[in-house]
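[1] Mind looking at a prediction? Sequence and model below.
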Amino acid sequence: MPTTNLRVGAIVVALALVIAVAAGAWYGSKGGTPVAVEAVGGVSYSTIAETIVVHVAGAVQRPGLVTVPSPARIADVIAAAGGAGPGADLGGLNLAATVSDGDQVVVPMPGEGSPAGGGARQGIDLNHSSAAELEKLPGVGPVLAARIVDFRESNGPFETVEDLLDVGGIGEAKLEAMRNAIERP
């Protein structure tokens, strides 16, 4: 009888291993990167990181669409495209600038500079930035950032920087303080 118990035990272990491998393969096929998160009281758990899609063009190894975990920086996007191509001029790009879903990053060759409509973002994007990102604007705290997002969601995208004057709490002086930190719509 002990041999029978040993066989049953081996079958149970093998079956558990097959289930574990299948579960891992299924989880891996869902995309995303597990991220450890610490909750109140020191309890940790995992969650799936949000991913974004960015169009990479110009002097990179594999131009096209890349998927990267959010938040991401231009350096992450270039790395996901296989790295900078031969002769790429990275000096004109802010490699630390953050990118959002749907952005385009153009890596120029020497002498090309950063093309209009591509390359590094030159400020906070009023039409795509989260409230937390809008708080990086001079004089903008959580309440005003929420008002900007609410206004955008209710009235559609900002067409000019001056459209911010229609948001409660933003006057001429505050707009002037923020102007240079805003990417032109």
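    Everything's here; your move.
[2] where exactly do the helices run in the chain?
    When secondary structure is read from DSSP state H, the chain shows helices at 2-28, 74-80, 131-134, 142-155, 172-179.
[3] which residues touch the residue lying closest to V161 once chain neighbours are set aside?
    Spatial nearest neighbour of V161, excluding adjacent residues (Cβ to Cβ, 6 or more residues apart in numbering): I182 at 5.5 Å. C-beta here means a position set from N, CA and C on the backbone, and glycine is covered the same way. Remark: with contacts taken as Cβ atoms under 8 Å, 6 or more residues apart in numbering, I182 is in contact with G123, I124, L126, L137, V161.
[4] now with 6 Å?
    By Cβ atoms under 6 Å, 6 or more residues apart in numbering, the contact set of I182 is G123, I124, V161.
[5] same thing with V60?
    For V60, the contacting residues are A81, G85, V107, by Cβ under 6 Å, 6+ apart.
[6] Walk me through the domains of the protein.
    Following automatic domain parsing, the chain resolves into domains at 2-48, 51-107, 126-183.
[7] I'd like those laid out as JSON lines, including mean pLDDT.
    Formatted as JSON lines, those follow (pLDDT from 0 to 100):
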{"stretch": "domain 2-48", "mean pLDDT": "55"}
{"stretch": "domain 51-107", "mean pLDDT": "89"}
{"stretch": "domain 126-183", "mean pLDDT": "90"}
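[8] Can I have the buried ones of the contacts of V60 as a PyMOL selection?
    In PyMOL, this line selects whichever of the contacts of V60 come out buried by 16 or more other Cβ atoms under 10 Å:
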select buried, resi 81+85+107
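[9] can you put the contacts of V60 in TSV and add distance to V149?
    Shown next, in TSV, are those (distance: Cβ to Cβ, whole Å):
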residue	distance to V149
A81	30
G85	37
V107	31
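[10] contacting residues for the spatially closest residue to D103 that is not a sequence neighbour?
    Closest residue in space to D103, ignoring its immediate chain neighbours: V54 at 5.2 Å, by Cβ to Cβ, 6+ apart. Taking Cβ under 6 Å, 6+ apart, we find V54 in contact with V66, V77, V99, D103.
[11] Name the member of these with the most neighbours.
    Highest neighbour count within these: V77, with 24 neighbours (other Cβ atoms under 10 Å).
[12] my guess is that residue meets Q104, correct?
    No. The pair V77 / Q104 is not scored as a contact, 9.7 Å apart, by Cβ atoms under 6 Å.
[13] In space, what's closest to G141 - neighbours in sequence excluded?
    E135 (6.3 Å).
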